Each structure stands twice: as structure tokens, then as C-alpha cells.
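Enquirer: everything below, folded, please.
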Amino acid sequence: MAGALSKAGLLSTKAMIDRSHDLPLARQAELLRLGRSRLYYEPRPVSSAELAIMRQINECTSTIRSDVTRTATRRGHRGRPEVGGDDDAAQAY
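Expert: Numbers count the residues shown, from 1 in each chain. Predicted coordinates for the structure are as follows:
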């Protein structure tokens with residue numbers, strides 16, 4: 001993504017905001033090319049219970065993905081056929 005800031009870059013850019021300055025926060029954010037919501041968002045810590053649930057979800061989805069991959073490989077699935085060309089147009093009617 002062009003113009004995307006890294007996490008460290010975002011933190012240092014956010015540090016340039018001066019809440020006591022006469023220039024409105026919205027204008028400061030605009031000049032720094034930050035969304036205004038970035039000025040107010042404070043991430044909250046994730047509890048160990050939430051982390052355990054996320055781990056379980058990841059395990060389930062990785063199992064499903066590997067099952068689908070094995071099935072597709074076993075059937076010789078190679079993806080969608082290419083669309084286009086003169087023959088495809090003739091067969092459509």
C-alpha cells in the first residue's frame with residue numbers, strides 16, 4: 001500500500017501532534033496526513049481469555065484450510081480456467 005505508515009512511523013508522526021497548540025487538532029492531523037480518528041484511538045490490552053479464543057479460532061481455520069488444500073490437490077484442482085479468447089465467445093451462445 002503506497003503511503004502507508006509503519007507502526008513506528010505512525011507513533012512518531014502521532015507524537016508530533018501538539019494538543020496545546022493554537023492550530024486545531026483536525027488541521028494538524030490533515031497536515032501530517034493522519035486520520036483524525038488516529039488522534040483519539042487508544043488500543044486496549046487484550047486479555048488472556050481473548051488470546052486463548054483467538055488461538056483456538058486460528059487452529060480451527062488452519063485445519064479447515066489444510067483439509068481444503070488436500071482435497072483440491074487430490075482432485076487435481078488447478079484453479080479457474082482462463083476466460084477469454086475466441087473459442088470461449090463462440091461457446092457462450
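Enquirer: so H21 sits against L31, correct?
Expert: No. Here H21 lies out of contact with L31, judged by C-beta atoms under 8 Å, at a distance of 11.3 Å. (Each C-beta comes from the backbone N, C-alpha and C, glycine too.)
Enquirer: just the pLDDT for the residue nearest to R19 when sequence neighbours are not counted.
Expert: Distances taken as C-beta to C-beta, 6 or more residues apart in numbering put L25 closest to R19, at 6.8 Å, once the chain neighbours are dropped. Reported pLDDT at L25 in the predicted model: 92.
Enquirer: now do L51
Expert: The predicted local confidence for L51 comes out at a pLDDT of 95.
Enquirer: tell me the secondary structure at it.
Expert: At L51, secondary structure determined by DSSP: H, G, I helix; E, B strand; the rest coil is helix.
Enquirer: burial measure for it, as a count.
Expert: Here the number of neighbours of L51 (other C-beta atoms under 10 Å) works out to 10.
Enquirer: distance check, it against T13.
Expert: Distance, L51 to T13, by C-beta to C-beta, to the nearest Å: 29 Å.
Enquirer: and the end-to-end length of stretch 15-27?
Expert: The separation between the terminal residues of stretch 15-27, taken as C-alpha to C-alpha, to the nearest Å, is 15 Å.
Enquirer: which residues touch it?
Expert: For stretch 15-27, the external contacting residues (C-beta atoms under 8 Å, 6 or more residues apart in numbering) are Q28, A29, L32, L34, R36, L39.
Enquirer: and this structure, what are its domain boundaries?
Expert: Recorded structural domains for the chain (assignment: automatic domain parsing) are 13-40, 45-75.
Enquirer: hey, which of those is tucked in deepest?
Expert: Across those, averaging neighbours per residue (mean count of other C-beta atoms under 10 Å) puts domain 13-40 on top, at a mean of 12.
Enquirer: what pLDDT is listed against Q28?
Expert: As summarised for this prediction, Q28 has a pLDDT of 91.
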